[in-house]
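>>> pasting the sequence and the predicted coordinates here, then a few questions.
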Amino acid sequence: MLKQFAGRKTMPHPLRETIKERFYPFAEDRGFARVKSGNSLFTTFRKSDGDIAYEFEIQWDKYHRPYFVLNFNLPEGANVLTRTKRGRLQRKRGGPMSCWFNLRKPWLEILRTGQFRYTPDEVVDHLISCFPEIEAWWSNGTEGPHVYCI
């Protein structure tokens, strides 16, 4: 399926497709429902647990490169003490975009493996393995190694 982008037709990116195929069902299995949006750069998921509403969003790079991050907020009604009210789940801590989940491997890993890129499945596996850090932050304020509080 071709998409219209800046006057030219482009193919959907394999990383986006893999997120849809593997991460969306993972989030739904944890009780989250996708919220419809008109903005292709953000995909929001929400779930309610009694009086508490949990929400996170996948934010894609504004230039449509295969970079993304998960933004999350302190749920309304939660009595958890945290350093900040919101955060990001990233490949590693830090502010620059190089910390976002993406297909490019860090230099040391390139030297170790001889490969420049991760496969989309490897990126999604990493995302799924890091997701419990968001749940830990929501439940007790613990900042895991992939949580960047903003």
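Great, that's in hand. Residues are numbered from 1 along each chain as shown.

>>> which residues of this protein score low on pLDDT?
Within the chain, the stretches with pLDDT under 70 are 1-11.

>>> that one: strands as residue ranges?
3-5, 8-10, 33-35, 42-49, 52-60, 67-73, 86-89, 101-102, 147-149 (DSSP state E).

>>> need the winner for burial among those strands.
strand 101-102 (a mean of 22; mean count of other CB atoms under 10 Å). Any C-beta I mention is one placed from the backbone N, CA and C, and that applies to glycine too.

>>> off-centre distance for the longest helix anywhere in the chain?
Secondary structure of the chain per DSSP state H: the longest helix is helix 120-130. Computed by CA atoms, centre = their mean, to the nearest Å, the separation of helix 120-130 from the middle of its chain amounts to 10 Å.

>>> what's the angle from it to strand 67-73?
On the basis of axes from the mean of the first three to the mean of the last three CA atoms, to 10 degrees, helix 120-130 is oriented at 20 degrees to strand 67-73.

>>> what helices or strands is helix 120-130 leaning on?
When contacts are defined as 3 or more CB pairs under 8 Å, 6 or more residues apart in numbering; DSSP states H and E, helix 120-130 packs onto helix 14-18, strand 101-102.
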